[in-house]
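**Q** Here is my input; please provide its structure:
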Amino acid sequence: MTDVTGKQFNLDQFIAMKVKQARLKENLKITDVSRISGISQGMISKIENAQVSTSLETLSRLCLAIGLPISKLFQDFDRPDGTAQFTKAGQGLEVVRRGTDKGHTYHLLTYQRGATKSFEPFLVTMDDLAEVFPTFTHPGEEFIYVLEGKLSYRHGNHIYHMEAGDSLTFDGEVPHGPETLVEVPIKLLSFINYSAAH
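**A** The predicted structure follows:
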């Protein structure tokens, strides 16, 4: 297991962290745990500071005293590290799309390596009331969610009047795009799922 800084824990460090967290959660002092478990204060301190490898019997008595089932003690130790992509606010990669020359700003919020991609999430910003907008077509299914502003959005022959909190899901192969910007600035999340096209 790794901590938030990416540091790898060995088993003794992991046990130390979990035991101390559980003791503090129960508002127990080391003296209390020593009295309840019959384990010396010095030994408990060494366990909590990963200075000793303890027997399962001692560990079991310690866990019982602090109300931590021994089965829960190890449950997160060998959890996979994970490979999530984290994008801070305002840090999405600005990319050029068909609407860029019409005053739209696109920030790609994550990217996938490799030959195929299954989805793309964008933060789209529009701030010009007077522009004429292009229509878009692409493979897959798209979901848009309005964060700010008001607009009319066309999909095929249908016009949807959208404002903050509204969402729309549609087939990307059908021509679509903003029809009228009613109240700017407009910010919307656009999530294109390409797996629907396979």
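
**Q** contacts and neighbour counts: CA atoms only from here.
**A** Will do.

**Q** now could you export just the CA positions of the longest strand belonging to the chain as CSV?
**A** Longest strand in the chain, counting residues (DSSP state E): strand 176-193. Taking C-alpha atoms only, strand 176-193 is exported to CSV below (Å, rounded to 0.1, in the frame of the first residue of the first chain):
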residue,chain,number,x,y,z
HIS,A,176,-25.7,18.9,-33.2
GLY,A,177,-24.4,22.1,-31.5
PRO,A,178,-25.3,25.4,-29.9
GLU,A,179,-28.1,27.2,-31.7
THR,A,180,-28.3,30.4,-29.7
LEU,A,181,-26.4,31.6,-26.7
VAL,A,182,-29.0,33.2,-24.4
GLU,A,183,-26.9,34.1,-21.3
VAL,A,184,-23.1,34.2,-21.3
PRO,A,185,-20.7,33.1,-20.2
ILE,A,186,-21.7,29.5,-20.7
LYS,A,187,-19.8,26.6,-19.3
LEU,A,188,-20.7,23.0,-20.0
LEU,A,189,-19.3,19.6,-19.5
SER,A,190,-19.2,17.5,-22.6
PHE,A,191,-18.5,13.8,-22.3
ILE,A,192,-18.2,11.8,-25.5
ASN,A,193,-18.4,8.0,-25.1
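
**Q** Show me what it packs onto, helices and strands only.
**A** strand 119-126, strand 141-155 (3 or more CA pairs under 8 Å, 6 or more residues apart in numbering; DSSP states H and E).

**Q** In TSV, list the ones you listed along with mean neighbour count, mean pLDDT and distance to M162.
**A** Formatted as TSV, the helices and strands packed on strand 176-193 follow (neighbours: other CA atoms under 10 Å; pLDDT from 0 to 100; distance: least, CA to CA, whole Å):
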stretch	mean neighbour count	mean pLDDT	distance to M162
strand 119-126	20	88	14
strand 141-155	19	94	5
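
**Q** wait, which of those strands is closest to Q75?
**A** strand 119-126 (32.3 Å; CA to CA).

**Q** I'd like to know which of the helices and strands packed on strand 176-193 lies nearest to S53.
**A** strand 119-126 (46.7 Å).

**Q** which strands and helices sit next to the longest helix along the chain?
**A** The single longest helix within the chain, with elements called by DSSP state H, is helix 11-25. Packed against helix 11-25 by the contact rule (3+ CA pairs under 8 Å, 6+ apart) you find helix 41-48, helix 56-66, helix 70-73.
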